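K.L.:
compute the structure for the input listed below.
(chains A, B, C and D)
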2 protein chains.
Amino acid sequence: MFSLTIEYAMRAMVALAAGDGQSMTTRQIAETMMVPQSYLSKVLQSLVRARLVHSTRGLKGGFVLARGPEDLNMMEILNAVSPYKRIETCPLDLDEHSSDLCPLHRRLDQAMGMVQEAFEGTTLAEILSEDNPCPTLQTQLAKLKPMESD
Amino acid sequence: MFSLTIEYAMRAMVALAAGDGQSMTTRQIAETMMVPQSYLSKVLQSLVRARLVHSTRGLKGGFVLARGPEDLNMMEILNAVSPYKRIETCPLDLDEHSSDLCPLHRRLDQAMGMVQEAFEGTTLAEILSEDNPCPTLQTQLAKLKPMESD
DNA sequence: ACATAAATAGATATCTTTATCCAGTTTAAT
DNA sequence: ATTAAACTGGATAAAGATATCTATTTATGT
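P.N.:
Reported below is the predicted structural model:
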């Protein structure tokens, strides 16, 4: 249901959020989240254009979240890479004046509405706060902040 | 979020359900629901293969629902044309043994679950029973059953 | 200044989805 | 039997999504 591009964007944002403010390169994100690196660079540029992450070029450059993880939700990430188009008018309805959707498209749009609400209500911070059995992320994070809390 | 193919499949099934048991040709369905006819024929074959509709060839042939509209839900239609793959295991998790999803994919799959439940709980009969402001459908139906209730 | 690391932009390749067309087959009506 | 209507299956084309590569620009450290 969700495109690979959306998957990759979400993974990248989770990686950045987990990095705790540290800048990460495309390569680091790609390896952490097992995303094809060359394609990830395109996805990251979408996230930059949507102003969800900041990029810095050159040596020691990389990407960081533009806001705190508690202020970034899944819907924003999805929208950054593939704008979510709710069904506003029945596609069968020729004149655009009908305010209501037909029953079929009302149902389809309701489903989209549920997803939207769920995603808008879920921040990166919440995702990070839950138990995270994702092994590659943990491994990589251990490298990123080698001796943080000691 | 839902592919055009899914859209077309849903529209076709609604058209057939509205036809009240009468057989409809590809052309009739296509015109009623404004779907490209040649592509619709492929979609209909998926619905036939999934046994949601029956087809009869030859003159006076066409398509009819395989079951009553109260026994056909949106999820079956979706599955007929593009199998719904819930997220069973975290795609980042190398060994397949982890029973739980990581928080990100738990959220993604929960969204898919909500859609699935909504669609499973919605039959064609329900869709038909609601007010239907979809003008093309009504126009076409008037032709199909010209003097039904008089 | 120079070399290096890294994002950016553009061109290109591959695969999937969407769409069209045509030849073949089946059936009803004449 | 012949004809016309209609589904079926295969080939093909066009568009979009996914992926890769290369050259360019920017920044850092020496």
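
K.L.:
enumerate the residues of chain A near DNA strand D.
P.N.:
Within chain A, the residues that sit near DNA strand D (Cβ under 7 Å from any atom of the strand) are A:3-5, A:8, A:36-39, A:41-42, A:56-61, A:82. From N, CA and C alone the C-beta is placed, and that goes for glycine too.

K.L.:
now intersect the residues you listed with the strands, please.
P.N.:
Taking DSSP state E as the definition of strands, the residues of chain A next to DNA strand D contribute A:T56.

K.L.:
list buried members of the residues of chain A next to DNA strand D by neighbour count.
P.N.:
A:5, A:8 (16 or more other Cβ atoms under 10 Å in any protein chain shown).

K.L.:
in chain A, which spans are helices?
P.N.:
Taking DSSP state H as the test, the helices found in chain A are A:4-18, A:26-33, A:37-49, A:74-81, A:103-120, A:124-129, A:135-144.

K.L.:
in a markdown table: those helices, plus mean pLDDT and distance to DNA strand C.
P.N.:
Shown next, in a markdown table, are these (pLDDT from 0 to 100; distance: least, Cβ to the nearest atom of the strand, whole Å):
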| stretch | mean pLDDT | distance to DNA strand C |
| --- | --- | --- |
| helix A:4-18 | 96 | 10 |
| helix A:26-33 | 94 | 4 |
| helix A:37-49 | 97 | 4 |
| helix A:74-81 | 98 | 13 |
| helix A:103-120 | 96 | 14 |
| helix A:124-129 | 94 | 19 |
| helix A:135-144 | 71 | 12 |
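
K.L.:
ok, now which ones touch the nearest residue to A:G121 once chain neighbours are set aside?
P.N.:
What sits nearest to A:G121 in space, not counting adjacent residues and going by Cβ to Cβ, 6 or more residues apart in numbering or on different chains, is A:N73, at 7.1 Å. By Cβ atoms under 8 Å, 6 or more residues apart in numbering or on different chains, A:N73 lies in contact with A:119-124.

K.L.:
okay, and the beta partners of A:N73?
P.N.:
On the basis of DSSP bridges, A:N73 is bridged to A:T123.

K.L.:
kindly provide the distance from it to A:I6.
P.N.:
Applying Cβ to Cβ, to the nearest Å, the value for A:N73 to A:I6 is 14 Å.

K.L.:
A:S129: neighbour count?
P.N.:
By the measure other Cβ atoms under 10 Å in any protein chain shown, the count of residues near A:S129 is 12.

K.L.:
most packed of the helices of chain A?
P.N.:
The highest mean neighbour count among those, using mean count of other Cβ atoms under 10 Å in any protein chain shown, belongs to helix A:4-18: a mean of 23.

K.L.:
helices and strands around that helix, which ones?
P.N.:
Helix A:4-18 sits against helix A:26-33, helix A:37-49, strand A:62-65, helix A:74-81, helix A:124-129, helix A:135-144, helix B:103-120, with contacts defined as 3 or more Cβ pairs under 8 Å, 6 or more residues apart in numbering or on different chains; DSSP states H and E.

K.L.:
nearest to B:M24, out of those?
P.N.:
Proximity to B:M24 (Cβ to Cβ) singles out helix B:103-120 among those, at 23.2 Å.
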